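[1] model this:
(one chain, ligands or ions: 5)
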Amino acid sequence: MKDKLIPLAIVGHFVSFVAIVLVLAWYWQNYLATPKQPIEFPHYIHASNLNLDCQYCHQYASKSRYATVPAVKVCVDCHETTATDRPEVKKLLNYWKNKEPIPWIKVHTRFREHANVGFRHKPHIRAGVDCAVCHGQVEMMTTARQTRTLDMGFCVQCHRANQAPTDCWTCHQ
Ligand code: HEC
Ligand code: HEC
Ligand code: HEC
Ligand code: HEC
Ligand code: HEC
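    Ligands and ions are numbered 1, 2, ... in the order given. Predicted coordinates:
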């Protein structure tokens, strides 16, 4: 009896090891992998060290559906004279000189098309929901990365807890 259990235990351990590796790989692929951005923009310097409000740059969060990333002009207002000798800032000033927008790569992928989810930032910011609830501690990051799934369970759980509407058509149009 014991002779059979030992190989079984070894196989069992091996199977769970493979399973853990696969889960981690999937998690990395979907949430932690950060795209290589055209400029290594350090959130922690701006949002934490300089203490700029998130909405100083993501200006439309309280006004519209999308929070949006800032126009080059917002950066140039400071960087025309600040840290102009740094390689990453030189890249920034080049985009400005050539009148090109910075081709930032989207970090949060849109919801699946057929789910027709109508997420809007505005009602959440107006209701005082902190950016960190959905986006994590961006002020500790260099380039932003997604920190959690933004799925239906997450949305509905908070709507229930805060007496926000939970009818299907609130979110699905
Ligand atoms: C209730 C959850 C929630 C809160 C609170 C929230 N966001 Fe978002 N945010 C999302 C979701 C979901 C997406 C992706 C969906 C999409 O692209 O429409 C997103 C996408 C973004 C994007 C990229 C797309 C865009 O809208 O421009 C930026 C930038 C962003 N959020 C910044 C912020 C900032 C800054 C705050 C706080 C002022 C904030 N968010 C608060 C859920 C949230
Ligand atoms: C309110 C002023 C201000 C704004 C707006 C601003 N920055 Fe900065 N930025 C700074 C300061 C100050 C530093 C720190 C310089 C230092 O280390 O001495 C900095 C640092 C940086 C660095 C790191 C430089 C290095 O390698 O050490 C990069 C890259 C950068 N900013 C890019 C940007 C981009 C891109 C934007 C626009 C999205 C932007 N900044 C907007 C003030 C600003
Ligand atoms: C000085 C300007 C600036 C400030 C302040 C700033 N951001 Fe950003 N943010 C950017 C830029 C530029 C990008 C695009 C590059 C990147 O993804 O890292 C970005 C990207 C993001 C994204 C990813 C958008 C996507 O593509 O899905 C989120 C989320 C975000 N910021 C949230 C925040 C939050 C939360 C704060 C406050 C704690 C904040 N940001 C403060 C400039 C800023
Ligand atoms: C942390 C809490 C929280 C999370 C997470 C959250 N919401 Fe909300 N949501 C709220 C609150 C609070 C309101 C404001 C209700 C009000 O204005 O009375 C709101 C309002 C809304 C509205 C506008 C409702 C109306 O009055 O027309 C929509 C649409 C919405 N949320 C969709 C979503 C979606 C989609 C997600 C997930 C991606 C989500 N929410 C995640 C708290 C949350
Ligand atoms: C607070 C917002 C919210 C409410 C309320 C809500 N949903 Fe969702 N729903 C979502 C989000 C976000 C997703 C995820 C979309 C994605 O994964 O791209 C989703 C996904 C779905 C999907 C899966 C689509 C797919 O193919 O995977 C179905 C089906 C669905 N919802 C039906 C409903 C029904 C039925 C109701 C009412 C009982 C409802 N939802 C209420 C936000 C909401």
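[2] off-centre distance for the one helix or strand residue 16 maps to?
    Element membership of residue 16, judged by DSSP states H and E, is helix 2-27. Distance of helix 2-27 from the chain centroid (CA atoms, centre = their mean, to the nearest Å) equals 33 Å.
[3] so, in contact with ligand 1 or not, the next helix or strand after it?
    Following helix 2-27 in sequence order, the next helix or strand is helix 43 (DSSP H and E). No. Contact of helix 43 with ligand 1 (CB under 6 Å from any ligand atom) is absent, the minimum separation being 10.3 Å. In short, each C-beta sits where N, CA and C put it, glycine included.
[4] does ligand 2 have contacts with helix 43?
    No. Using CB under 6 Å from any ligand atom, helix 43 stays clear of ligand 2, coming no nearer than 9.6 Å.
[5] ramachandran coordinates for residue 172?
    When read as degrees, to the nearest 10, the backbone of residue 172 gives phi -110, psi 120.
[6] ok, the residue lying closest to it once chain neighbours are set aside to residue 150 distance?
    Using CB to CB, 6 or more residues apart in numbering and skipping the chain neighbours, the partner closest in space to residue 172 is residue 116 (5.2 Å). According to CB to CB, to the nearest Å, residue 116 and residue 150 sit 15 Å apart.
[7] residue 38 reaches residue 100, doesn't it?
    No. With contact defined as CB atoms under 8 Å, residue 38 does not count as touching residue 100 (10.1 Å).
[8] can you pick out the residue with more neighbours from those two?
    residue 38 (15 against 10; other CB atoms under 10 Å).
[9] now do the contacts for that one.
    Residues in contact with residue 38 (CB atoms under 8 Å, 6 or more residues apart in numbering) are 91, 102, 103, 104, 105.
[10] those residues in strands, which ones?
    Under the assignment DSSP state E, the contacts of residue 38 contribute nothing to strands.
[11] dump these into JSON lines; add pLDDT as well.
    Formatted as JSON lines, the contacts of residue 38 follow (pLDDT from 0 to 100):
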{"residue": "91", "pLDDT": "97"}
{"residue": "102", "pLDDT": "97"}
{"residue": "103", "pLDDT": "96"}
{"residue": "104", "pLDDT": "96"}
{"residue": "105", "pLDDT": "94"}
